[in-house]
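Undergrad: below are the sequence and a predicted model; questions follow.
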Amino acid sequence: MYSGCTFALPSEAATVALGEQLAKAVVAAGARMVFLRGDLGAGKTTLSRGFLQQLGHEGHVKSPTYTLIESYPQTTPPAHHLDLYRLADPEELEYLGLRELLTSRDICLIEWPERGSGCLPPADLTIELRYQDERRTARVSVGENSVLLRHISTITI
Ligand SMILES: Nc1ncnc2c1ncn2[C@@H]1O[C@H](COP(=O)(O)OP(=O)(O)OP(=O)(O)O)[C@@H](O)[C@H]1O
Ligand SMILES: [Mg+2]
């Protein structure tokens, strides 16, 4: 069963703030697999910036558009930010070291998870960013983790 909440994102700062709050919830619930869905430019990397800074990363968050993966070994817990838009085949995930990532407890933030379909584990948390008629929203949904759902339902931005 999936449930979740929708947030209005009137500014870039709101997207960053939601990323920070979601990072707190994911850490508190011991979750790790975060999918970011939404069109090009919807705000996935912007939200990831707030998330990674909340985990302790300082400074710039580079979009993994070309490298496909950027790792943050110094954050607590360590995190990996992936953008699978340019993945030609889900099997290429092997070359990104996916197997080691999946056996670790590190957090994975994955933009364009649909490109890795069939090779990724289920998401603990899915964030769907929408940009329609000048209005931006985020629909956040949670898989089986009821502790995570409880944390998310208390978020206000
Ligand atoms: N809530 C918001 N209000 C206004 N601008 C925003 C908001 N969220 C993000 N932006 C802006 O939208 C632009 C695109 O954002 P971002 O790079 O995060 O998108 P993306 O979903 O990661 O795109 P891609 O699929 O290309 O990786 C950036 O210039 C960012 O500052
Ligand atoms: Mg991006």
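TA: On my side now, so go ahead. Ligands and ions are numbered 1, 2, ... in the order given.

Undergrad: helix or strand with the lowest mean pLDDT in this protein?
TA: helix 98-103 (a mean of 88; mean pLDDT, DSSP states H and E).

Undergrad: okay, buried residues for that one please.
TA: 98, 101 (16 or more other C-beta atoms under 10 Å). (Glycine included, C-beta is placed from N, CA and C.)

Undergrad: need the contact list for the residue of the chain found nearest ligand 2.
TA: In the chain, the residue that lies nearest ligand 2 is residue 45 (3.3 Å; C-beta to the ion). Residues near residue 45 by C-beta atoms under 8 Å, 6 or more residues apart in numbering: 61, 63, 83, 111.

Undergrad: tell me the mean pLDDT over whichever strand or helix holds residue 138?
TA: In the assignment (DSSP states H and E), residue 138 maps to strand 135-142. Averaged over strand 135-142, pLDDT sits at 96.

Undergrad: after the least confident helix or strand of the chain, next one along is what?
TA: strand 107-111.
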